[in-house]
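coordinates only, sequence not included:
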């Protein structure tokens, strides 16, 4: 199974900000924070399609996301901040009081379908 290195840039989206009024347990909010945006050619190289589940790992931890194609540079990923990104964020703050939350080197791996899954991963 293909594994590839990427630079991950987490951030906030306006849609995420609107959904926070509904609540973080709301299905729409959960969909937002569990969706990773990737360049179409990177998706093709990994053999994944829109809606596929991918595992993202770094030296801190790992999380899974639903992948979608987007207008993002090759080799870079975007994902809204949320519980999955917290699994990848360390506690070291370099004295600032805030953990490093952008520019993470990560590995991305397509996930195999399991019984009951509805998304293809290649």
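Cool, the structure landed. Since we're looking at a predicted model, the values are computed, not measured.

hey, where'd the strands end up in this structure?
Applying DSSP state E to the chain gives strands spanning 4-11, 35-38, 53-57, 62-69, 76-80, 104-110.

Check which residues of the fourth one are buried.
Pointing back at strand 62-69 there. 63, 65, 67-69 (16 or more other CB atoms under 10 Å). Placement of C-beta: from N, CA and C, glycine included.

would CSV of the strands of the chain with mean pLDDT and distance to residue 89 be doable?
As requested, these are arranged in CSV below (pLDDT from 0 to 100; distance: least, CB to CB, whole Å):
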stretch, mean pLDDT, distance to residue 89
strand 4-11, 87, 8
strand 35-38, 96, 15
strand 53-57, 96, 12
strand 62-69, 96, 10
strand 76-80, 94, 12
strand 104-110, 92, 8
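
Which stretch among those is buried most, on average?
Comparing those by mean neighbour count (mean count of other CB atoms under 10 Å), strand 35-38 ranks first with a mean of 23.

Can you list the helices and strands that that one packs against?
Packing partners of strand 35-38 (3 or more CB pairs under 8 Å, 6 or more residues apart in numbering; DSSP states H and E): strand 62-69, strand 76-80.

tell me, what residue is most central in the protein?
The residue lying closest to the centre of the chain (CA atoms, centre = their mean) is residue 36, at 3.8 Å.

Residue 41 versus residue 4, what's the distance?
11 Å (CB to CB, to the nearest Å).

Oh, that last question was meant for residue 10, not what I typed.
22 Å.

And residue 6, by the same measure?
12 Å.

mind pulling up the phi and psi values for the residue located most distally from the centre of the chain?
What lies farthest from the middle of the chain is residue 95; by CA atoms, centre = their mean that is 26.6 Å. The phi/psi pair for residue 95 (degrees, to the nearest 10) reads phi 80, psi 0.

same check, this time on residue 51
Per-residue torsions, residue 51: phi 100, psi -10 (degrees, to the nearest 10).

That one - how many residues pack around it?
The number of residues packed around residue 51, counting by other CB atoms under 10 Å, is 13.

pretty sure it contacts residue 66?
Yes - counting by CB atoms under 8 Å, residue 51 touches residue 66, with 6.0 Å between them.

Against residue 91, how distant is the closest residue to residue 55 other than its chain neighbours?
In space, and not counting its chain neighbours, residue 55 is closest to residue 109: 4.7 Å by CB to CB, 6 or more residues apart in numbering. Distance from residue 109 to residue 91, counting by CB to CB: 25 Å.
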